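# what follows is a predicted protein model with its sequence.
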Amino acid sequence: MSSLIMSSFASGPISVLASLLLIDIGSTFDTSVGVTGQLNTIYSIAALIVALLMGVLSTRFRHKSLFLTGLVLMLVSAMGCYLAPDFLTMMLSFSLSGVGYAMVNPMAFALVGKHLPVGRRPNAVGGIVAGGALVYVVGAPIIALVAGVGGWRLPLAGFVAPVLVFGFLFSSVGLPSVRAGEEPRAEKGTYYRSFKEVFTSRSAVACLLGDLLRSASFVAVVFYSASFVRQRFQASTDVASVVIIAAAMSYVIGSLVSGSIVNRLGRKPSVVLAALMAGPFTAAFVFAPDFYVSVALVIIASWFFGLVASAANSLTLEQAPRFRGTMMSIDTAALNFGSAVGTVVGGLALLLFGYEGLGIILGALCIVGAIIWGLFAIDPTMTSEVSA
């Protein structure tokens, strides 16, 4: 379990850097915030494509091998970004981090589904989600400090790369070498059956759509909020890093408490209620009259997003018990497609309508996701829902 949390932490620093130093990267390559923000788009598209391939690969190769390969690709990505001479090279290098994430993330959740009983899975999922968010708490101030000394490139070599190396070594020792255990071996028809089981389930598809929409909505908080406070309230990079830390800490707390909330309310009600709250707070922070109110709204939105992320992963994990690797790989694809959609839509809204338009549009997407979960998703662990 600790290995999965550490690996989740290790896969996050490069995203923190892109969010915090978006303006600085744009200055280097003479690109606007809206254009530079498309780094997240190319990351998400790469992750989307590879996550779909992982639905097949997870039935054939060892989860640990796929997991470690993902970390290696993220390391290559970090060094490629460090050396990038132009924005195109930067985008191509950054996309490798999306590839790596698409390999690491679904395998972590699939291992939880295989090795832990159903009652313990919500807490384990919450721990993994919290581990990914905790890097913002630790990484944001370190990245800001190092960038202040040597520019945005230095944190890639001085922080991002070493964390990935440590994550690789820690995972090599701590993760069990388990073949795709719950899923059938790669026999004729296995790949087709795994995808068919996912896409012919109305509940599974609802979970995928819900995750896509909440991921698109979360872009407003995780990717654009730092640039918002820097541009709207003239906050420094150091102050923006504090905002990211506070939001990430709130997200971590939301993720960690989700286990007890899910066990009390159930997976589906927890997802729906949290998403219904996250959407309005996402829309609200861009309308705040001053810096402190805006930051408070970002923190509240982050808490609900942490809760909805953990609860949604817990719900999705139970949708296809025979093909958890495939289910979580497709879900990772949905999340990254949602992130790409959120970045593109958010960037266009920012260019056309300003941050207010960005907040309204992306915040509304999370509410739509809540409606889809509420109407169509089923929690297979609840016998009353299954029999209904």
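Happy to help now that I have it.
# surely Gly259 meets Ser310?
Yes - using Cβ atoms under 8 Å, Gly259 is in contact with Ser310, at 7.2 Å. Where you see a C-beta, it was placed from the backbone N, CA and C, and this is true even at glycine.
# overlap of the contact sets of these two?
Residues touching both Gly259 and Ser310 (Cβ atoms under 8 Å, 6 or more residues apart in numbering) are Pro122, Val125, Gly126.
# so which of those residues belong to helices?
Judged by DSSP state H, those include Pro122, Val125, Gly126 as members of helices.
# report the buried members of those.
With neighbours counted by 16 or more other Cβ atoms under 10 Å, these contain buried members at Pro122, Val125, Gly126.
# can I get those in a markdown table including pLDDT?
A markdown table is the format used below for those (pLDDT from 0 to 100):
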| residue | pLDDT |
| --- | --- |
| Pro122 | 73 |
| Val125 | 75 |
| Gly126 | 73 |
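# in stretch 222-242, what's buried?
Across stretch 222-242, burial judged by 16+ other Cβ under 10 Å covers 222-230, 233, 235, 237, 239-242.
# how about low-confidence regions in the stretch 151-300 of the chain?
176-191 (pLDDT under 70).
# if we use 50, what do you get?
Counting by pLDDT under 50, the stretch 151-300 of the chain contains low-confidence ranges at 179-184.
# what is the nearest of the shared contacts of Gly259 and Ser310 to Ala283?
The closest of these to Ala283 turns out to be Gly126 (Cβ to Cβ; 25.7 Å).
# thought that closest one was touching Gly259?
Yes - the criterion here is Cβ under 8 Å, and Gly126 meets it with Gly259 at 4.5 Å.
# need the overlap of contacts for these two.
Shared contacts of Gly126 and Gly259, defined by Cβ under 8 Å, 6+ apart, are found at Ser310.
# quick one on the thing from earlier: same list (the buried ones among the ones in helices among the shared contacts of Gly259 and Ser310) but as a markdown table, adding distance to Val293.
Output for those, formatted as a markdown table (distance: Cβ to Cβ, whole Å):
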| residue | distance to Val293 |
| --- | --- |
| Pro122 | 33 |
| Val125 | 32 |
| Gly126 | 29 |
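# and of those, the nearest to Asp331?
Closest approach between these and Asp331, by Cβ to Cβ: Val125, at 11.9 Å.
# list the residues that contact the closest one.
Val125 is in contact with Phe109, Val112, Ser258, Gly259, Ser310, Asn313, Ser314, Leu317, counting by Cβ under 8 Å, 6+ apart.
# same check, this time on Ala102
Ala46, Ala47, Leu48, Ile49, Val50, Ala51, Met54, Gly70, Ser329, Thr332, Ala333, Asn336.
# separation between it and Val72?
For Ala102, the distance to Val72 equals 14 Å [Cβ to Cβ, to the nearest Å].
# packing partners for the host helix or strand of Ala370?
According to DSSP states H and E, Ala370 maps onto helix 324-376. On a contact count with 3 or more Cβ pairs under 8 Å, 6 or more residues apart in numbering; DSSP states H and E, helix 324-376 meets helix 33-36, helix 38-57, helix 87-115, helix 190-199, helix 202-222, helix 267-284, helix 291-317.
# and the closest residue to Val345 other than its chain neighbours, how far from Ser339?
Once flanking residues are discounted, Val345 sits nearest to Ile361: 6.1 Å by Cβ to Cβ, 6 or more residues apart in numbering. Relative to Ser339, Ile361 is positioned 15 Å away (criterion: Cβ to Cβ).
# looking at the two, which one has more neighbours?
Ranked by neighbour count (other Cβ atoms under 10 Å), Ile361 and Ser339 place Ser339 first, with 26 against 21.
# what sits against the more buried one?
Contacts of Ser339 (Cβ under 8 Å, 6+ apart): Asn40, Tyr43, Ser44, Ala47, Ser215, Ala216, Phe218, Val219.
# 7 Å instead?
Listed by Cβ atoms under 7 Å, 6 or more residues apart in numbering, the contact set of Ser339 reads Asn40, Ser44, Ser215, Ala216, Val219.
# least confident of the contacts of Ala102?
Summarising pLDDT for the contacts of Ala102: the lowest-scoring member is Asn336, with 77.
# okay, now that residue: neighbour count?
Counted with other Cβ under 10 Å, the neighbours of Asn336 add up to 28.
# is it true that it touches Ala51?
Yes - between Asn336 and Ala51 there is a contact under Cβ atoms under 7 Å: 6.3 Å.
# just give me the neighbour total for the residue lying closest to Ser258 once chain neighbours are set aside.
In this structure, Ser258 finds its nearest non-sequential neighbour in Ser310, 3.7 Å apart by Cβ to Cβ, 6+ apart. Ser310 has 32 neighbouring residues, counting by other Cβ under 10 Å.
# per-residue pLDDT, Ser310?
89.
# would you list the phi and psi of Ala320?
The phi/psi pair for Ala320 (degrees, to the nearest 10) reads phi -140, psi 80.
# next, count neighbours for it.
By other Cβ under 10 Å, the residues close to Ala320 number 26.
# state the distance from the closest residue to it other than its chain neighbours to Pro321.
Ranked by Cβ to Cβ, 6+ apart and with sequence neighbours excluded, the top spatial neighbour of Ala320 is Met327, at 4.1 Å. Met327 sits at a distance of 9 Å from Pro321 (criterion: Cβ to Cβ).
# the two: who's more crowded?
The neighbour comparison of Met327 against Pro321 (other Cβ under 10 Å) goes to Met327, with 31 against 14.
# okay but that one is in contact with Leu315, surely?
No - assessed by Cβ under 7 Å, Met327 is found out of contact with Leu315, at 11.0 Å.
# overlap in contacts, these two.
By Cβ under 7 Å, 6+ apart, no residue touches both Met327 and Leu315.
# how many other residues sit next to the nearest residue to Val271 once chain neighbours are set aside?
Distances taken as Cβ to Cβ, 6+ apart put Ala311 closest to Val271, at 4.5 Å, once the chain neighbours are dropped. When neighbours are defined as other Cβ under 10 Å, Ala311 has 32 of them.
# right, I'll leave it there.
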